[in-house]
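**Q** below are the sequence and a predicted model for it; my questions follow.
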Number of protein chains: 2
Amino acid sequence: MAVTIRDVARASGVHVSTVSRTFSAPHLVNAETRTRVLAVADDLGYRPNRAARALTTGRTHNLGLIVADIANPFFSSLIKAAQAQARLRDYHVFVADTDEDPQVEEELIQAFAKQVDGVLLCGPRLANSTIERLGEQVPLVVVNRRVNDLPTVLMDVGRGARQAIEHLVALGHRRIALVTGPSGSWTSKEMQAAATAGEADVVFLGPNPPTELGGRSAVTDVIASGATGVLAYNDLVAIGLMEGLAERDTQVPRDISVIGVDDILPGRFGSPRLTTIAMPTAAAGRMAVDMLLNPVAPGVTTLETSLVVRESTAEARR
Amino acid sequence: MAVTIRDVARASGVHVSTVSRTFSAPHLVNAETRTRVLAVADDLGYRPNRAARALTTGRTHNLGLIVADIANPFFSSLIKAAQAQARLRDYHVFVADTDEDPQVEEELIQAFAKQVDGVLLCGPRLANSTIERLGEQVPLVVVNRRVNDLPTVLMDVGRGARQAIEHLVALGHRRIALVTGPSGSWTSKEMQAAATAGEADVVFLGPNPPTELGGRSAVTDVIASGATGVLAYNDLVAIGLMEGLAERDTQVPRDISVIGVDDILPGRFGSPRLTTIAMPTAAAGRMAVDMLLNPVAPGVTTLETSLVVRESTAEARR
DNA sequence: TTGAAAGCGCTAACAT
DNA sequence: ATGTTAGCGCTTTCAA
């Protein structure tokens, strides 16, 4: 068995509670004693058992992080930042992937509930009411989704979408298609709301899976819609769309302009390089962890997005 | 406070040990009793506290997964698969990012040791001896690195590199550059070994960070080397290299052929689309989890790679 | 088949 | 400043 607090106590001739204090409340222990205990502990290779500690303190020093798809660069960069931020505060993070399945999402939250001090929900697909109910079992912070009474980090896609559409309009596009995302997606709804609010003639095509395949499967509808400008749910969809378009001898941006969302790596190297709405994923990850660790009044923090114009958008042909 | 085993016991009129058995050894409890306890538990929303369970059983039902860079698609797809496989067996997984820092890597393993039943080390940068020592504290499975006496999952990059070089040679390239990776990287060493073993005239350029920037910074050396064919440490490096080459008016594949490793998304959409060695990351993730959960004699499982020829390689100009 | 009791590693009053 | 004690939620002998 591993070395416990008791081994350290014995070896350093003090009581276990003194050893405990040495680690969790050092100022309550005599400097000399502390030094000795620390030396012995180090010698024996002692490390406090967090699970045992959690049992008494109620704080696990663990966080849960739930995303729809770990392999999606949007999420993985968020995970990276969140995990780094958590580590700074000596927290470990469980990462789980729902595969876009709300059912799995709920199970995961339940499963994490007892084992973590809080859960980060990134772009959840669950119903608001379900999320609120689960929020009573474990502290939740939600990213990219508005849920009443829960601390929230939002990336302002609505504004991004507005900019994107204005950009297309300024290029002379009269008919614009919005290739929407999964039905449960807040981001997708925000984009639709922004599109509806504007002056432009926007047709909605979807829902679609938030993947390259989702984009490919929308190709026929896009062409049929007669749109010359397209805003896609995300870069993956935009890329799939461009590939599909290329196979149908429709050139981007000559025949159709395409804009994505996320600013992931593939879009930067594609041909043409993708115009996109850059999302502050790393900042969102850090912010969400901070909100979880410094429990704060439920409220919304909104992070700015920015339109990155590259080569997939051009003037509409007349 | 959350509902505990005791609440369930009281509400169903049995002793806690019976409730415990209902969950961890159902066959030892009367069918009727079991049904009743289960009903009550469900009613109360009881879920066993894994941490408390771990304290007595010694099994946490958690796994640790350590990678150099979560945002690297190579790793994120491995994480996705490993996490899914773990979940099938009712395991949760901690994910952590070392940012390529061996020091951090060691700290992470130590920190996880008490809290998990095993750790997956993906492409560790630590010295073999250190890894072996840590392997005494917690079960380890290593991916893409050969460490004595530790269960290992390898992807056969050596063979892949050989194929890649043969491919270049077949295209008429006489002088080939190998843009190597970080100095601690097993993969990089394997590639070098494979290159040395062959007949071709291969010059090594590196070490380099395994990133786009690493590729860009190698551009000058590549041009100076006079090589017409390049095998890069990974796709990211290859992409950075191609970008840098483009800025120096060197065209790929007309002037220089480039091959990457990993087959990540950006390479598939780039221009030109990248010839690469595809790595079985998902299979490796699943396999590693299986090895961790069905403790097996230390041994090596080797997974095949495959050369994917696309547009970044062409005949050498004469 | 079920209950009683001890104990996993640790912390947190309470005493001293 | 340090020791004593009880107990966190659960499992696991051992008895009944």
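**A** Arrived safely.

**Q** tell me which element the residue of the stretch 151-300 of chain A found nearest DNA strand D is part of?
**A** Closest to DNA strand D within the stretch 151-300 of chain A is A:Pro295: 20.1 Å, counting by Cβ to the nearest atom of the strand. Every residue, glycine included, has its C-beta placed from N, CA and C. Using DSSP states H and E, A:Pro295 is not contained in any helix or strand.

**Q** same thing with A:Asp99?
**A** Using DSSP H and E, no helix or strand contains A:Asp99.

**Q** hang on, the earlier thing: what sits against the closest residue to the residue of the stretch 151-300 of chain A closest to DNA strand D other than its chain neighbours?
**A** Excluding its sequence neighbours, the residue lying closest to A:Pro295 (Cβ to Cβ, 6 or more residues apart in numbering or on different chains) is A:Pro139, at 6.6 Å. Counting by Cβ atoms under 8 Å, 6 or more residues apart in numbering or on different chains, A:Pro139 makes contact with A:117-119, A:292, A:295.

**Q** give me the neighbour count for whatever residue of chain A ends up closest to chain B.
**A** Residue nearest to chain B within chain A (Cβ to the nearest Cβ): A:Ser271, separated by 3.1 Å. Around A:Ser271 there are 15 other residues, counting by other Cβ atoms under 10 Å in any protein chain shown.

**Q** pLDDT value on the residue nearest to it when sequence neighbours are not counted, please?
**A** Closest residue to A:Ser271 apart from its sequence neighbours, by Cβ to Cβ, 6+ apart: B:Ser271 at 3.1 Å. Here, the pLDDT recorded for B:Ser271 equals 82.

**Q** and for A:Asp149?
**A** pLDDT, A:Asp149: 88.

**Q** how far away is it from DNA strand C?
**A** 28 Å (Cβ to the nearest atom of the strand, to the nearest Å).

**Q** how about that residue, what does it touch?
**A** A:132, A:135, A:298.

**Q** again, only using 7 Å
**A** Counting by Cβ atoms under 7 Å, 6 or more residues apart in numbering or on different chains, A:Asp149 makes contact with A:132, A:298.

**Q** and it, how far from DNA strand D?
**A** Taking Cβ to the nearest atom of the strand, one finds A:Asp149 at 25 Å from DNA strand D.

**Q** now chain A, which segments are flagged as low pLDDT?
**A** Within chain A, the segments meeting pLDDT under 70 span A:1, A:318.

**Q** around chain B, pick out the residues from it.
**A** Proximity of chain A to chain B, by Cβ under 7 Å from any Cβ of the partner chain, involves residues A:2, A:47, A:49-52, A:54-55, A:60, A:70-71, A:73, A:76-77, A:79-80, A:83-84, A:92-97, A:110-111, A:114-115, A:239, A:265-266, A:269-271.

**Q** 6 Å instead?
**A** Within reach of chain B by Cβ under 6 Å from any Cβ of the partner chain, chain A has these residues: A:47, A:49-52, A:54-55, A:70-71, A:76-77, A:79-80, A:83, A:92, A:94-95, A:97, A:114-115, A:239, A:265-266, A:269-271.

**Q** which of the residues you listed are close to DNA strand C?
**A** A:47, A:49, A:52, A:55 (Cβ under 7 Å from any atom of the strand).
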